Structures are given as structure tokens and as C-alpha cells.
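*Asks:* Attaching a predicted model along with its sequence, questions to come.
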Amino acid sequence: MYATIGDRLVVHGTTVGHPDRPGLIIEVRGPDGCPPYVVRFDDGHVGLVFPGPDAIVVPAQRGP
């Protein structure tokens, strides 16, 4: 998994009743864009995340 600051991380809900948890990657602590990431989730929670197989990185829109 590779990410840069400004990308979005989406952790998919894995059971019924648990929605996806999207958030903004605000810091990349691993080498060359690798995890862990500091993520500000849309609910306001900020945490250090080591994404599992239930997570995807959505690249930010960059320039024209």
C-alpha cells in the first residue's frame, strides 16, 4: 500500500451495521509512502493506522 498526504483512506465495514470509515491522510510515517499513516477520520477522530486488507487508498486529485 502506498499513500501521500492528502490522499483518503477508506476502511470498509466488514459486518452488517458497521459502515465504511473514510478519512484524510495527514501524515505518512513509513518509508516511501508505506504505512503507518496518521488519519483524520470524517467523524473527527485522529489516529495512527496500520491499514489491513479491508482498507483502500483513494488518491487525491492533483493538478490539471
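*Replies:* Ah, there it is. Residues are numbered from 1 along each chain as shown.
*Asks:* Return the residues in contact with the residue nearest in space to the middle of the chain.
*Replies:* The chain has Leu9 as the residue nearest its centroid, 2.2 Å off, counting by Cα atoms, centre = their mean. Applying Cβ atoms under 8 Å, 6 or more residues apart in numbering to Leu9 gives the contacts 3, 22-25, 37, 39, 49, 51, 55-58. Glycine gets a C-beta too; all of them are placed from N, C-alpha and C.
*Asks:* Mind doing that once more with 7 Å?
*Replies:* Gly23, Ile25, Tyr37, Val39, Val49, Pro51, Ala55, Val57 (Cβ atoms under 7 Å, 6 or more residues apart in numbering).
*Asks:* Return the set of buried residues in the helix or strand harbouring the second one.
*Replies:* By that I understand Ile25. In this assignment (DSSP states H and E), Ile25 forms part of strand 21-28. Buried residues in strand 21-28, counted by 16 or more other Cβ atoms under 10 Å: Arg21, Pro22, Gly23, Leu24, Ile25, Val28.
*Asks:* Work out the gap between that strand and the centre of the chain.
*Replies:* Remark: strand 21-28 is offset 4 Å from the chain centroid, using Cα atoms, centre = their mean, to the nearest Å.
*Asks:* helices or strands up against the very next helix or strand once past that strand?
*Replies:* Following strand 21-28 in sequence order, the next helix or strand is strand 37-41 (DSSP H and E). Counting by 3 or more Cβ pairs under 7 Å, 6 or more residues apart in numbering; DSSP states H and E, the packing neighbours recorded for strand 37-41 are strand 21-28, strand 46-49.
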